[in-house]
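> kindly return the folded structure for what I paste below:
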Amino acid sequence: MLISCIVAITAIHRELYNDENEVLYAYLSAHINTLQDVAILSSPTTCRGISQLHMPEASLELVLDFKTKNSKESKPKDLKSLSEGFNVVRFDDAIRIHSAQYPLSSSMNKRIIKLSRVGFDKNYTKALFCIEQEEIGFIVYFEKINGSWKVIKTNNVWIS
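Okay, here's the model as predicted:
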């Protein structure tokens with residue numbers, strides 16, 4: 001019984017503190033002052049149409065992993081590990097919003113930031129994800145430098 005508890009705790013720890021969460025936290029913590037009055041929603045269809053042209057620094061491998069993790073079949077990420085510092089949409093609510101396949105109202109869109117899933121290169125040293133707020137979408141390219149994720153470049157993908 002003790003061994004199964006240790007295995008369960010290790011699995012939870014791995015999920016809460018994995019590279020995807022580290023990348024999201026690295027970006028969000030740098031922008032915490034602008035995130036006070038918004039909710040953060042995991043939305044894997046955000047920036048689905050992105051290509052290597054949007055971020056030439058990213059390898060084709062990295063872009064393909066990003067596209068795979070943000071396909072129509074992808075599920076939102078549980079952001080509970082970020083809930084202590086940020087207002088996150090509960091996972092079950094994110095699943096319902098994602099499954100409904102309907103756009104949020106414009107008044108809701110102003111209060112919600114949508115985060116894509118994070119794509120990685122095979123060595124987990126480079127990462128790519130997309131953010132959408134209101135009618136603006138941008139992609140963020142990261143590199144892991146000395147054990148920490150650093151933003152290397154941010155590009156606008158669209159402005160409506």
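
> so where do the helices sit in this protein?
For the chain, the helices defined by DSSP state H cover 2-16, 19-30, 60-69, 91-100, 106-109.

> okay, now the unreliable bits of this protein?
Within the chain, the set of residues satisfying pLDDT under 70 comprises 1-17, 34-36, 48, 52, 98, 100-110, 160.

> what's the longest strand in it?
Counting by DSSP state E, the longest strand found in the chain is strand 148-159.

> that strand pairs with which strands?
The strands beside strand 148-159 in its sheet (DSSP bridges) come out as strand 136-145 (antiparallel).

> contacts for the partner strand, please.
23, 26-27, 46-47, 50, 54-55, 57-58, 124-131, 149-160 (Cβ atoms under 8 Å, 6 or more residues apart in numbering). Quick note: C-beta positions are derived from backbone N, CA and C, even for glycine.

> and the residues you listed, which of them are buried?
By neighbour count, with 16 or more other Cβ atoms under 10 Å, these hold 23, 26-27, 46-47, 50, 54-55, 58, 126-131, 149, 155, 157 as buried.

> quick one: residues contacting the spatially closest residue to Ala26 that is not a sequence neighbour.
Counting by Cβ to Cβ, 6 or more residues apart in numbering, Trp149 is the residue found nearest to Ala26 once chain neighbours are left out, at 4.1 Å. The contact partners of Trp149, taken as Cβ under 8 Å, 6+ apart, are 19, 22-23, 26, 127, 142-143.

> next one: Ser43
Ser43 neighbours (Cβ under 8 Å, 6+ apart): 76, 94, 97-98, 114-116, 132.

> which one of the residues you listed is nearest to Leu62?
Checking these against Leu62 with Cβ to Cβ, the nearest one is Ser116 at 13.2 Å.

> look up phi and psi at that closest one.
When read as degrees, to the nearest 10, the backbone of Ser116 gives phi -70, psi 180.

> and it, how many residues sit next to it?
For Ser116, the count of nearby residues is 28 (other Cβ atoms under 10 Å).

> I'd say it and Ile40 touch.
No: contact criterion Cβ atoms under 8 Å: Ser116 and Ile40 do not qualify, at 12.0 Å.

> quick one: the closest residue to Phe91 other than its chain neighbours from Ile131, how far?
For Phe91, ignoring the flanking residues on the chain, the nearest one in space by Cβ to Cβ, 6+ apart is Asp78 at 4.1 Å. Asp78 sits 18 Å away from Ile131, going by Cβ to Cβ, to the nearest Å.
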